[in-house]
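Chemist: Have a look at this prediction, sequence included:
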Amino acid sequence: MTSVHEPASPHQAHDAEMERIHGWPEGSPWIRRAAAALPRDHFAPDRLWQWDGRVYVPVDRGSDPGRWTELVYGSVYEAAVTQVVDGVATSSLSCESVVADMLDCLDVRPGHRVLELGTGTGRNAALLAHRAGPGRVVSIETDPELAEHARQRLKQSHVDAHVVVGDGAEGWPRSAPYDRVISTYAVDTVPWTWVGQTRPGGRVVTPWGHLGLVALAVADDARSARGYVQGLAQFMPARGSSGGPRRHFSRVRAGREPEHEHQAHLELSPLHADWHLRFALRVLLPDVHITSTTDADGVNVWLNDSTSSWAAFYAQDDGTVLVCQGGPRRLAGEVERAWKWWTAADEPGLYDWGMTATPERQWMWVREETTSLPVFTDGSGPADE
């Protein structure tokens, strides 16, 4: 036990910060015990990556142990990037607050069979095995090098969890059915294979839409799964998926002059800071990517559909907003209409949204499963994925 005269270790300080923010779920005290038994630094690779404002730069444990430790045990809200491919972060040691939330949502019990999609460093698989028991966890990793790293770290930590190389979207049928399925990467559509490999009454937990965390309970007849959004979760997408890193605004605009401009009187701060609104827009306009920042004049917002349409809201020093847009769609108008619908619907919060999945399709709803969501874009509409 650390005396009052000894400084807390990075792991102890991290644990204390989680306690301060009430990040350890009261209903799942095993998570804190597992995190203490399986510290983050036991699973982090010797090279981490830090964003310097332009590119990711390596931080090696051997040459800069202090900075390496700071990245491992930094903010409980920030992940430590563990792999960069072609300048894009592709794997990380997830932030402790979200790890705890997801494990709490999963509701793992001793003896459960658990399937994890996205092994990464192996730490999450270790935490799951700590709860479910030896030999009860199967974890799939698409990258053979990451899979081998995880195997070695699990072995060194004396954890019995099975790591296999494969496509997470296909699950792992040879060990099915599972009581619990958890994904550590974001999807736009929950693969039915995950639900199909889960027992009736079992649970599937995954980051959805690069913004929310959903927990689905499998129906007794195994023909559907439904559940509510459980919180915010900004995870990396499946590698190579259509939900991968979206094209940057400047690439979609590609130097083209605006096709339409006008002045507007809008309060843009909710688009920047209100995550309940941001999540609603993610549901209602599933292919519209929103980024924002602030400057001396106020909030600026950029929209793009990852292909050919873009829009921008620029705060002006006179309190107005300059709206510019181009491409075949008028994204600014779509966002404004969706925003008005959200306001008229009494501003449903993050936890008011739910999802239903069947073998044929999945859809989002708000407050009640029978809710019919309006369509703000051309095509089949935002409710179907």
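Modeler: Perfect, thanks for sending it.

Chemist: Relative to residue 112, how far out is the closest residue to residue 73 other than its chain neighbours?
Modeler: Using Cβ to Cβ, 6 or more residues apart in numbering and skipping residues adjacent in sequence, the residue nearest residue 73 is residue 10, 3.9 Å away. C-betas here are computed from N, CA, C, even on glycine. Distance of residue 10 to residue 112, computed by Cβ to Cβ, to the nearest Å: 31 Å.

Chemist: Next: residue 170.
Modeler: From residue 170 to residue 112 the distance is 21 Å (Cβ to Cβ).

Chemist: what does residue 307 give?
Modeler: If you go by Cβ to Cβ, the gap between residue 307 and residue 112 works out to 42 Å.

Chemist: Looking at those two, which one has more neighbours?
Modeler: Taking neighbours as other Cβ atoms under 10 Å, residue 307 and residue 112 compare with residue 112 leading, 20 against 13.

Chemist: where does that one land on pLDDT?
Modeler: pLDDT for residue 112: 98.

Chemist: Check which element follows the helix or strand bottoming out on mean pLDDT in the chain along the chain.
Modeler: When each helix and strand of the chain is scored by mean pLDDT, DSSP states H and E, helix 249-253 comes last, with a mean of 84. Sequence-wise, the next helix or strand downstream of helix 249-253 (DSSP states H and E) is strand 260-264.

Chemist: what's in contact with that following strand?
Modeler: If you take Cβ atoms under 8 Å, 6 or more residues apart in numbering as the criterion, strand 260-264 is touched by 313, 316, 320-326, 330.

Chemist: again, but for stretch 363-383
Modeler: Outside stretch 363-383, the residues touching it (Cβ under 8 Å, 6+ apart) are 226, 283-288, 329, 334, 337-338, 341, 345, 348, 352-356, 384-385.

Chemist: ok, the closest residue to residue 92 other than its chain neighbours to residue 151 distance?
Modeler: Nearest non-adjacent residue to residue 92, counting by Cβ to Cβ, 6+ apart: residue 79, 4.0 Å away. Noted for residue 79: a distance of 21 Å to residue 151, by Cβ to Cβ.

Chemist: Could you do residue 304 as well?
Modeler: Separation of residue 304 from residue 151 (Cβ to Cβ): 40 Å.

Chemist: Which of these two has more residues huddled nearby?
Modeler: Neighbour totals were compared for residue 304 and residue 151, and residue 304 leads with 25 against 19 (other Cβ under 10 Å).

Chemist: Would you check that that one makes contact with residue 256?
Modeler: No - at 12.0 Å, residue 304 does not count as touching residue 256 under the criterion of Cβ atoms under 8 Å.

Chemist: just to revisit the earlier point, near the residue nearest to residue 73, how many other residues are there?
Modeler: Using other Cβ under 10 Å: residue 10 sits among 17 other residues.

Chemist: likewise residue 85?
Modeler: Residue 85 has 10 nearby residues by other Cβ under 10 Å.

Chemist: which residues pair with it across the strands?
Modeler: residue 88 (DSSP bridges).

Chemist: going forward can the numbers begin at 3, since that is how I track them
Modeler: Fine by me, first position is 3 from now on; the one you just mentioned is residue 87.

Chemist: So, low pLDDT: which residues of the stretch 103-252 of the chain?
Modeler: 236-249 (pLDDT under 70).

Chemist: For the nearest residue to residue 344 once chain neighbours are set aside, give me phi and psi.
Modeler: Nearest non-adjacent residue to residue 344, counting by Cβ to Cβ, 6+ apart: residue 282, 4.6 Å away. Main-chain torsions, residue 282, degrees, to the nearest 10: phi -60, psi -40.

Chemist: which residues does residue 282 contact?
Modeler: With contacts defined as Cβ under 8 Å, 6+ apart, residue 282 is in contact with 340, 344, 350, 355.

Chemist: Run through the helices of this protein in chain order.
Modeler: Here the chain has its helices, by DSSP state H, at 12-22, 32-39, 67-74, 98-108, 125-134, 146-158, 194-198, 251-255, 271-275, 277-286, 333-346.

Chemist: Deepest-packed of the ones you listed, please.
Modeler: helix 125-134 (a mean of 25; mean count of other Cβ atoms under 10 Å).

Chemist: orientation of that one relative to helix 98-108 in degrees?
Modeler: Computed by axes from the mean of the first three to the mean of the last three Cα atoms, to 10 degrees, the angle separating helix 125-134 from helix 98-108 equals 40 degrees.

Chemist: got the contact list for helix 125-134?
Modeler: By Cβ under 8 Å, 6+ apart, helix 125-134 touches 32-33, 35-37, 39-40, 42, 44-45, 95-96, 101, 105, 110-116, 118, 121, 138-139, 141, 152, 155-156, 159, 161-163, 165, 182, 184, 186.

Chemist: now do 7 Å
Modeler: With Cβ atoms under 7 Å, 6 or more residues apart in numbering as the test, helix 125-134 has contacts from 32, 36-37, 39-40, 42, 45, 95-96, 101, 105, 110, 112-114, 116, 118, 121, 138-139, 141, 152, 156, 159, 161-163, 165, 186.

Chemist: Filter those down to just the ones in strands.
Modeler: 95, 116, 118, 139, 141, 165 (DSSP state E).

Chemist: Distance from the chain centre to stretch 124-135, please.
Modeler: 20 Å (Cα atoms, centre = their mean, to the nearest Å).

Chemist: I misspoke; the intended subject was stretch 31-47.
Modeler: 20 Å.

Chemist: Ok, stretch 313-330 next?
Modeler: 29 Å.

Chemist: Okay, buried residues for that stretch please.
Modeler: In terms of neighbour count (16 or more other Cβ atoms under 10 Å), stretch 313-330 has its buried residues at 313-317, 323, 325-329.

Chemist: what does it rub up against?
Modeler: Contacts for stretch 313-330 (Cβ under 7 Å, 6+ apart): 255, 258, 260-268, 270, 299-305, 310-312, 333-334.

Chemist: and what of stretch 116-123?
Modeler: So stretch 116-123 is in contact with 45-46, 84, 93-95, 110, 126-127, 130, 134, 138-143, 148-149, 152, 155, 165, 170, 173-174, 180-187, 199, going by Cβ under 7 Å, 6+ apart.
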